[in-house]
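predicted model and sequence below, questions to follow.
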Amino acid sequence: MGPVSEGRTSGSTGTPFAFKKNAAMDVVATALTERMFGWWGMDGRKSLAQIASNVSGGGRPPDGTLTFGWHSSHPDGIKYAISVNTDADTHLQWLLKCRADYLGSYPAVLKELASRVKDGGIELKLQRLFSYAAVLDQETRDLCRSTFGAEIADTYGTQEAGHIAAQCQAYGNYHISAETMVVEVLRPGGSAAAPGEIGRVVVTPLYGYAMPLIRYELEDLAEVGPSPCPCGRGHPTLRRILGRSRNMFRFRDGTSVWPITSFFKLPHFIPLKQFQVLQTDLTGLKSAMFRKRATGRSTLRD
């Protein structure tokens, strides 16, 4: 199973979780990612740009890093990489300099880049985008398609569990990596959710020998998809990944609602840069809005 490494989750929605994993999990994740590349017609001989947190060598601005062989079958394929821990203007200038065929990053980064390219009237086309590590909403998909002229191939996974599912190009469902992962979507009472139902995601990675995670609850919500997918592949599927259960709005009568932020139309009326909505009690909400100034700076308003 290979050497053991240690890691820690970000703790963005809870206490950081320290974990161990063996090298075989990374081999599995690479194989599954490359299979997804094949589904989406990505060619390992072309160039890939990546903005991520785990860039080898730091990927410091303004030049990032340059390596070869981002796909195992094509050792000469160019890979440009830069750390996510810098500003969006630097990312954009770096990307314009690279002029890569493909771009991979977090959904929020892709959305910010697309917004800046569109608002600035910049000509920047890509052949394919791929996203990971966070929920990808329809607003981001539509913006990137209209701006870059490319579709987004989305993957679902976590640091501690590895690769969980990859999106189908033809139908949009997420094919669960059933060869390497047992994935359950459960109703509140613990029974299995049926196609079309939303439930909490519980996983058992089959290659995690260094620190076995058995029926490990991710605190994510997902909708069960059709099985099999109309594309003909036999994997079980997820229709949508909705994000963390901690982000649900809960009400006095026991019901709960998932707040889909792309439905909020405030940016059409107010020059917002970012906004946040908090549920303060069973009947109250509070919002914080970051407004754009003419100077380019942003101010916080409650």
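That came through fine. As the structure is a computational prediction, the values presented were derived from the model and not from experiment.

packing partners for the helix or strand where residue 29 lies?
Element membership of residue 29 [criterion: DSSP states H and E] is helix 23-39. Counting by 3 or more CB pairs under 8 Å, 6 or more residues apart in numbering; DSSP states H and E, the packing neighbours recorded for helix 23-39 are strand 152-158, strand 162-167. For the C-beta atoms, the positions are set from N, CA and C on the backbone; glycine is no exception.

can I get those in CSV including distance to residue 107 and mean neighbour count?
Supplementary listing: these in CSV, determined by distance: least, CB to CB, whole Å; neighbours: other CB atoms under 10 Å:
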stretch, distance to residue 107, mean neighbour count
strand 152-158, 8, 22
strand 162-167, 13, 25
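
a markdown table for those, including distance to residue 49 and mean pLDDT?
Formatted as a markdown table, the entries for those read as follows, by distance: least, CB to CB, whole Å; pLDDT from 0 to 100:
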| stretch | distance to residue 49 | mean pLDDT |
| --- | --- | --- |
| strand 152-158 | 14 | 95 |
| strand 162-167 | 20 | 95 |
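
can I get the ones you listed in a markdown table with distance to residue 106?
Below are those laid out as a markdown table (distance: least, CB to CB, whole Å):
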| stretch | distance to residue 106 |
| --- | --- |
| strand 152-158 | 11 |
| strand 162-167 | 15 |
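
what does stretch 130-138 contact?
36, 40, 42, 102-108, 110, 152-157, 241-243, 260-262 (CB atoms under 8 Å, 6 or more residues apart in numbering).

using CSV, list the CA coordinates for it.
Below are the C-alpha coordinates for stretch 130-138, written out as CSV (Å, rounded to 0.1, in the frame of the first residue of the first chain):
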residue,chain,number,x,y,z
PHE,A,130,-12.3,21.0,-14.4
SER,A,131,-13.2,21.8,-10.8
TYR,A,132,-12.9,20.0,-7.5
ALA,A,133,-13.0,20.4,-3.7
ALA,A,134,-16.2,22.6,-3.4
VAL,A,135,-19.8,22.7,-4.7
LEU,A,136,-20.1,23.8,-8.3
ASP,A,137,-23.3,25.7,-8.9
GLN,A,138,-25.1,26.4,-12.2
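
list the buried residues in it.
Using 16 or more other CB atoms under 10 Å as the test for burial, stretch 130-138 gives 130-137.

and if you look at stretch 69-77?
By neighbour count, with 16+ other CB under 10 Å as the criterion, the buried positions of stretch 69-77 are 70-71, 77.

helices and strands of the chain: which one bottoms out on pLDDT?
Averaged element by element with mean pLDDT, DSSP states H and E, the chain has its least confident helix or strand at strand 298-301 (a mean of 46).

which of the buried residues of stretch 130-138 lies closest to residue 91?
residue 131 (14.6 Å; CB to CB).

for the residue minimising distance to the centre of the chain, grab phi and psi.
Centroid-nearest residue in the chain, with CA atoms, centre = their mean: residue 132, separated by 2.7 Å. Backbone torsions of residue 132, given as degrees, to the nearest 10, read phi -160, psi 170.

endpoints of stretch 101-108, how far apart?
Across its full length, stretch 101-108 reaches 20 Å end to end, with CA to CA, to the nearest Å as the criterion.

got the contact list for it?
With contacts defined as CB under 8 Å, 6+ apart, stretch 101-108 is touched by 42-43, 46-52, 84, 95, 110, 113, 126-137, 140, 148.

in strands, which of those residues fall?
Cross-referencing the contacts of stretch 101-108 against strands under DSSP state E gives 48-52, 128-131.

tell me which two in the residues you listed are the farthest apart.
Distances among the ones in strands among the contacts of stretch 101-108 were taken as CB to CB; the most separated pair is 52 and 128, at 16.5 Å.

and these two? Which one has more around it.
Neighbour tally, residue 52 and residue 128, criterion other CB atoms under 10 Å: the higher count belongs to residue 128, 21 against 18.

so the more buried one touches residue 154, yeah?
No. With contact defined as CB atoms under 8 Å, residue 128 and residue 154 do not form a contacting pair (11.6 Å).
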